[in-house]
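**Q** Mind looking at a prediction? Sequence and model below.
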Amino acid sequence: MEYLVLGFVVLVFLLVVGPRLTFTPEGCVKVLTSFGKYSRIVQPGASWIKPWERAQTISLQNRSMELEFEAITIDQANVYFKCLLLYRVADNAELTIKRAAFAFAEQAEFSTSMQRLIEDETRTYVATQRQAEMIGISQDVVRLIQSNVGARMRDWGYSIEDLRYNNIRFDAVVTSSMARVVAAINERDAAENEGEALLIRRTKEAEADGSFIKIKAEAEKLAWKLRGQGLADFRREVAAGIHDAVSELQSAGVDPNYLLFFMYTEALKHVAENAKAGHTIFVDSNPSRPRELMADMAAFYKVTPAEAIPV
């Protein structure tokens, strides 16, 4: 009976003061302290720890935090920000993990300090800008803020993986005034574009009119030239026809003046047939009139010899 009691006491002692089994999840490590002093780091998996050792789990995975705050521009406009912060323990070195574990007493205190750093850096930048310049924050500014905050966070064992400003808004009055400014700018641009389009259209129309006038003038010039050539050809043909007819009359022993009388009567006939006012022509019935008419026409068509033309 005494041995049984002794064995039970030894078992209880081992359970109380002996090592116990602990499990560390993947992506995390445990920082062990012994009587309040750093002891060692336990890697993921199963491990034995002493009863007087206390374990603090540190995640090595990426963690995110969404921040909301406001800032005031140099022209006294309120700007409201929403940003997403992605951070993690800088690396898995023992010194870095110790910094991440012991820099703050509680995780909430670390989150508060990190949020205040980002707010202060953002407000410092916004205070140097005007409201119109805050419509979008460039990546250069984000990298500057990330660099300034990241330098402090590295002292705490953490690093910033990414920082995104995903929502930037203004007061309703500011938003309304900015909308009116944008609308006015769009109207001005539209008016300028319409003016340029009208100028181009009018210029093209003037060029087209000028080209049309030029083409029309060239066409009229060519038409008049062709008309003159046609009239000259017609006169040459008339002269050649008359010359041939006179030659034939002379060869037949007929007075060539008969040709003039024939042309005269044909002209009267043509006028009578094509006149719109009437078809009656009154002719002088004096018997000597045809002979006088023939003499007048012969004198009109008489050609002056070349040697008789004065130089």
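**A** Happy to help now that I have it.
**Q** For this protein, which helix extends over the most residues?
**A** As far as residue count goes, and with DSSP state H defining each element, the longest helix of the chain is helix 172-251.
**Q** now for that one, which elements pack on it?
**A** The contact analysis (3 or more C-beta pairs under 8 Å, 6 or more residues apart in numbering; DSSP states H and E) places helix 172-251 against helix 257-274. (Glycine included, C-beta is placed from N, CA and C.)
**Q** And the average pLDDT for the helix it packs on is what?
**A** Per-residue pLDDT values across helix 257-274 average out to 73.
**Q** again, but for stretch 105-119
**A** Stretch 105-119 shows a mean pLDDT of 88.
**Q** Just the CA atoms from that stretch would do, formatted as CSV, please.
**A** Output in CSV follows, covering the C-alpha atoms of stretch 105-119 (Å, rounded to 0.1, in the frame of the first residue of the first chain):
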residue,chain,number,x,y,z
ALA,A,105,2.6,44.7,-24.2
GLU,A,106,-0.6,44.0,-26.2
GLN,A,107,-1.4,43.5,-29.9
ALA,A,108,-4.0,46.2,-29.7
GLU,A,109,-1.4,48.7,-28.6
PHE,A,110,0.7,47.8,-31.7
SER,A,111,-2.3,48.3,-34.0
THR,A,112,-3.1,51.6,-32.5
SER,A,113,0.4,52.9,-32.8
MET,A,114,0.6,51.7,-36.5
GLN,A,115,-2.7,53.4,-37.3
ARG,A,116,-1.6,56.7,-35.7
LEU,A,117,1.7,56.6,-37.7
ILE,A,118,-0.2,56.2,-41.0
GLU,A,119,-2.7,58.9,-40.1
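**Q** Would you mind pulling the contact partners of it?
**A** The set of residues that contact stretch 105-119 without belonging to it, under C-beta atoms under 8 Å, 6 or more residues apart in numbering, is 65, 67, 69, 71, 83, 85, 87, 103-104, 145, 149, 152-153, 156, 158, 163.
**Q** same thing with stretch 140-156?
**A** Here stretch 140-156 makes contact (C-beta under 8 Å, 6+ apart) with 87, 90, 99-100, 103-104, 110, 113-114, 117-118, 121-122, 125, 159-160, 163-165.
**Q** so which pair among the contacts of stretch 105-119 is furthest apart in space?
**A** When C-beta to C-beta is used, the two most widely separated members of the contacts of stretch 105-119 are Ala71 and Ala103, lying 27.0 Å apart.
**Q** Please enumerate the strands of the stretch 1-150 of the chain.
**A** Secondary structure of the stretch 1-150 of the chain (DSSP state E, counting those that start in this stretch): strands at 20-24, 28-34, 37-42, 45-49, 53-59, 63-72, 78-89.
**Q** mean pLDDT lowest for which of the ones you listed?
**A** Within the strands of the stretch 1-150 of the chain, the stretch with the lowest mean pLDDT is strand 20-24, showing a mean of 82.
**Q** Just the buried residues of it, please?
**A** Buried residues in strand 20-24, counting neighbours by 16 or more other C-beta atoms under 10 Å, are found at Thr24.
**Q** Tell me the helices and strands packed up against that strand.
**A** Here strand 20-24 touches strand 45-49, going by 3+ C-beta pairs under 8 Å, 6+ apart.
**Q** Can you tell me the closest non-neighbouring residue to Val181?
**A** If you skip the residues right next to it in sequence, Val181 has Ala132 as its closest partner in space, 7.8 Å away by C-beta to C-beta, 6 or more residues apart in numbering.
**Q** Can you check the pLDDT for the one you found?
**A** pLDDT, the model's per-residue confidence, is 73 for Ala132.
**Q** What's the local residue count around it?
**A** The burial count assigned to Ala132 is 13, neighbours taken as other C-beta atoms under 10 Å.
**Q** So which of Ala71 and Ala103 has more stuff around it?
**A** Between Ala71 and Ala103, Ala71 has the larger neighbour count (other C-beta under 10 Å), namely 20 against 15.
**Q** what's across from that one in the sheet?
**A** According to DSSP bridges, Val79 are recorded as the beta-bridge partners of Ala71.
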